[in-house]
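Chemist: mind looking at a prediction? Sequence and model below.
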Amino acid sequence: MNIFVLLKRTFDTEEKITIANGSINEDGAEFIINPYDEYAVEEAIQVRDEHGGEVTVVTVGGEDAEKQLRTALAMGADKAVLINVEDDLEVCDQYTTAKIIAEYLKDKEPDLVIAGNVAIDNGTGQVGPRVADLLGIPYITTITDLKIDGNHVSVVRDVEGDEEKIEATLPLLVTAQQGLNEPRYPSLPGIMKAKKKPLEELELDDLDIDEEDVEAKTKTIEVYLPPKREAGKILEGELKDQVQELVSLLHKEAKVV
C-alpha cells in the first residue's frame with residue numbers, strides 16, 4: 001500500500017508566544033511535529049504494518065523542517081520528502097501548501113493519504129481537503145477509527161461529541177483526530193535507523209511549478225495577542241441581591257444587556 005502523510009512543523013505546545021515587529025517571534029523557540037500530524041504518522045505506520053507497503057512523510061517549508069521529518073522517520077516511517085520553498089516563496093498559505101503537495105502527489109498513485117485534522121498554529125483544517133480535491137479523490141475528516149479490508153475502508157468520524165460511521169474505497173484522504181491512536185515515541189534504534197533512511201529535498205523547479213501559480217491567496221494584515229483576562233468577580237449576599245447586581249454589571253460594565 002502506498003501511504004503518504006502530510007506533516008507540518010509547528011511551535012511546541014509549551015512555547016509562550018511573543019510578538020515582535022508585528023509577527024510571531026521565532027527566536028529561540030522550540031518546534032515539533034504538529035500534534036495532530038503525529039496521529040497521522042502513527043496511523044500510517046500501523047496500516048503499513050498490517051497491510052504492507054510504504055509510508056512517506058511530506059512537508060512544505062524550509063530546511064528547519066528536516067528535524068521533524070527525521071522524527072517521523074524515527075517513529076517508523078520509511079521515507080521523507082521536504083519540498084523546500086524557503087528561497088522561492090515569502091508566504092505560504094493553505095492554498096499554496098495544498099497546491100504544491102498535490103502537484104507532488106499527482107503521479108505517485110497514493111492509496112491512502114493521512115493528514116492531521118488541524119495545525120495548532122493556524123487551525124484552519126484546510127490543507128488535507130484541498131489536496132484531496134486537487135487530486136480528485138474522496139476525503140473524510142476528523143476520523144477516530146480506520147479499518148481497511150482490501151479496497152474497502154470503514155471509518156468512524158468525530159462530529160462534535162457524537163460519531164458518524166462512513167464506508168469508502170481507496171484511494172482516500174483522511175484527517176486524524178485526537179483519539180485515533182496513541183503516537184509512539186521514537187526509540188533509540190529508531191533514531192539510529194532514521195539517520196540512514198532517505199530524505200529527499202525538492203524545490204519548486206523540480207515539480208515544474210512556477211511561483212506565480214502557487215502565490216498565496218491570503219495576506220496577514222495584523223498579528224496580535226488576545227487581551228489579558230481580568231480577574232473574575234464573586235457576587236455575595238442574598239440570591240436576589242446577587243441577581244440584581246449581576247444584571248447591573250452586565251448592563252453597565254459588560255454592556256451585553
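Modeler: Looks like it came in fine. Numbering: from 1, shown residues only.

Chemist: which residues does residue 224 contact?
Modeler: By Cβ atoms under 8 Å, 6 or more residues apart in numbering, residue 224 lies in contact with residue 19. For glycine as for every other residue, the C-beta is placed from the backbone atoms N, C-alpha and C.

Chemist: what's the helix or strand for it?
Modeler: Counting by DSSP states H and E, residue 224 is held by no secondary-structure element, helix or strand.

Chemist: and it, its phi and psi?
Modeler: When read as degrees, to the nearest 10, the backbone of residue 224 gives phi -150, psi 160.

Chemist: and what of residue 88?
Modeler: phi -110, psi -40.

Chemist: number of residues surrounding it?
Modeler: With neighbours defined by other Cβ atoms under 10 Å, the count for residue 88 comes to 16.

Chemist: relative to residue 199, how far out is it?
Modeler: When Cβ to Cβ, to the nearest Å is applied, the distance between residue 88 and residue 199 equals 19 Å.

Chemist: same check on residue 247?
Modeler: Residue 247 sits 62 Å away from residue 199, taking Cβ to Cβ as the criterion.

Chemist: compare these two (neighbour count), which wins?
Modeler: Per other Cβ under 10 Å, whichever of residue 247 and residue 199 has more neighbours is residue 199, with 16 against 11.

Chemist: pLDDT score for the closest residue in space to that one that isn't next to it in sequence?
Modeler: With Cβ to Cβ, 6 or more residues apart in numbering as the criterion, residue 199 has its nearest non-adjacent residue at 4.4 Å, and that residue is residue 80. Turning to residue 80, the model gives it a pLDDT of 98.

Chemist: just how off-centre is whichever strand or helix holds residue 80 within its chain?
Modeler: Taking DSSP H and E as the definition, residue 80 sits inside strand 79-84. What separates the centre of strand 79-84 from the centre of its chain is 16 Å, taken as Cα atoms, centre = their mean, to the nearest Å.

Chemist: elements contacting the longest helix along the chain?
Modeler: Counting by DSSP state H, the longest helix found in the chain is helix 35-51. Applying 3 or more Cβ pairs under 8 Å, 6 or more residues apart in numbering; DSSP states H and E, one finds that helix 35-51 contacts strand 2-6, strand 54-61, helix 66-75, strand 112-116, strand 139-149, strand 172-176.

Chemist: which parts of the third one are buried?
Modeler: Neighbour counts using 16 or more other Cβ atoms under 10 Å place 66, 68-75 of helix 66-75 among the buried residues.
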